[in-house]
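J.: Using only what follows, build the 3D model:
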Amino acid sequence: MAYAQPFPLAQPLQKPQQPTFGPDLAVRLICPDCRDPNPNIIEEFSSGDLVCGTCGLVLGDRVVDTRSEWRTFANDEGDDPSRVGAASDPLMEGMEQLDTVISFKDGGSGLARELQRAASRSTASRSERNLLQAFRDIASWCDQFSLPKTISDIAKQLYKRSDEEKLLRGKPLDAVIAACIFIACRQAHVPRTFREICTLTHVPKKTLGQCYKALEQAFNLTLGASASRSSLSVGSKAAGPESLLSRYCNHLDLPPNVEPICADIIGKARELGIADGRSPVSIAGGAIYFTCHLLGKVKSARDISTVAGVSEGTIKLVYRLYYAEREKLVKEEWIKDGRAKLERLPVDTTK
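T.: From the prediction side, this is the model:
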């Protein structure tokens, strides 16, 4: 009896093997100009270029630095195999700038508490910890206010000196930091108003004023004072309305010709004694409102009030003082070249 032979099972298809890629060691990179069989190829990691050491021809760019990432921030020469830590702060004077905090959540264990006690005993003193915390707050607030690092450094220097001389003992830490930032802004010629600093730091205006007056007297920061004590004894000129115009005009998106004309109007009004006794913020807001109508670049009092941080009534009050002396404030050359027209100035500012 014959049996049928079963069909052979189908063999699984084998995938073709993918060719393995690797560097061709038989290929050598030579300079096309020198054609030296033993080329001197240099990898310049600072510029990311591959350069011929003989003739200086750039053979390639965007070279990846495959060397070790060891970095050193030490003052002396030599390799320091340290991967962590930022550059040393000269204001800290060698005290520990990196600390470890032992955390124990939900009560933790006795071992965690013992570790925390040991860590607290080995760390810096309370004054040094307070100084570190103050420096962190200064850097954080300056970042929130979009202030440059120069102001942050000046404020840290001011705070460190006030802490060493115990000038504001008993004052809140936030108020002292706010006063240091306020003075640093003036010294760096980017002044901020009391109201802006108070809004940033949530410090009462009265407390900020007390700290500022104490630092001003201690550091001899009054206008015209002799710089005999240190580099911090530079005269800190009060913020005038002209110093606020650039920032306000930028926020209001005004043309470039508005700011210089507005500054001229403020200077002429100061000579004539117009709006004397008003705050610089009020004068700057009223002058911008006057200049915008004069040049036909109208901005509402509400928009200017939002930027300057003063009420609409205050802005219109300064405007009315300027409007009463408009003939003396507006130059003839502005009217002749067509930039300014007195007819554009509204009489009734209540509308």
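
J.: Please make it C-alpha for all contacts and neighbour counts, starting now.
T.: Fine.

J.: where are the low-confidence patches of the stretch 201-350 of the chain?
T.: Low-confidence regions of the stretch 201-350 of the chain, defined by pLDDT under 70, span residues 221-239, 348-350.

J.: Would you map the helices across it?
T.: 205-218, 241-251, 258-272, 280-295, 301-308, 312-324, 326-329, 332-336 (DSSP state H, counting those that start in this stretch).

J.: by contact count, what packs against the third one?
T.: It refers to helix 258-272. Secondary-structure packing of helix 258-272 (3 or more CA pairs under 8 Å, 6 or more residues apart in numbering; DSSP states H and E): helix 241-251, helix 280-295, helix 326-329.

J.: Out of these, which is the most enclosed?
T.: Here the criterion is mean neighbour count by mean count of other CA atoms under 10 Å, and of the helices and strands packed on helix 258-272 the winner is helix 280-295, at a mean of 25.

J.: the inter-axis angle of that one versus helix 312-324?
T.: Computed by axes from the mean of the first three to the mean of the last three CA atoms, to 10 degrees, the angle separating helix 280-295 from helix 312-324 equals 60 degrees.

J.: just use 8 as the starting number from now, easier for me
T.: Yep, numbering from 8; the last one is helix 287-302 now.

J.: Helix 287-302 packs against which elements?
T.: In terms of contacts (3+ CA pairs under 8 Å, 6+ apart), helix 287-302 is packed against helix 248-258, helix 265-279, helix 308-315, helix 319-331.

J.: Those helices: which one's closest to residue 142?
T.: Smallest distance to residue 142 across the helices and strands packed on helix 287-302 (CA to CA): 26.9 Å, for helix 248-258.

J.: related to what we said a few turns ago, okay, the helices of the stretch 208-357 of the chain in TSV with distance to residue 172 next?
T.: Converted to TSV, the helices of the stretch 208-357 of the chain look like this (distance: least, CA to CA, whole Å):
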stretch	distance to residue 172
helix 212-225	9
helix 248-258	32
helix 265-279	39
helix 287-302	32
helix 308-315	36
helix 319-331	41
helix 333-336	49
helix 339-343	54
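
J.: Of those helices, give the one that comes closest to residue 168.
T.: Going by CA to CA, the one of those nearest residue 168 is helix 212-225, 10.0 Å.

J.: buried ones in the closest one?
T.: 214, 215, 216, 217, 218, 219, 221, 222, 223 (16 or more other CA atoms under 10 Å).

J.: per-residue confidence for residue 100?
T.: We have a pLDDT of 57 for residue 100.

J.: what's the host helix or strand of residue 146 packed up against?
T.: Secondary structure assignment for residue 146, by DSSP states H and E: helix 133-151. Under the contact criterion of 3+ CA pairs under 8 Å, 6+ apart, helix 133-151 touches helix 156-171, helix 180-194.

J.: The nearest residue to residue 41 once chain neighbours are set aside: how many residues sit nearby?
T.: Setting aside the residues directly before and after it, residue 41 is nearest to residue 62 in space (CA to CA, 6 or more residues apart in numbering), at 7.2 Å. Neighbourhood size, residue 62 [other CA atoms under 10 Å]: 11.

J.: quick one, what contacts residue 68?
T.: By CA atoms under 8 Å, 6 or more residues apart in numbering, the contact set of residue 68 is 55, 56, 57.
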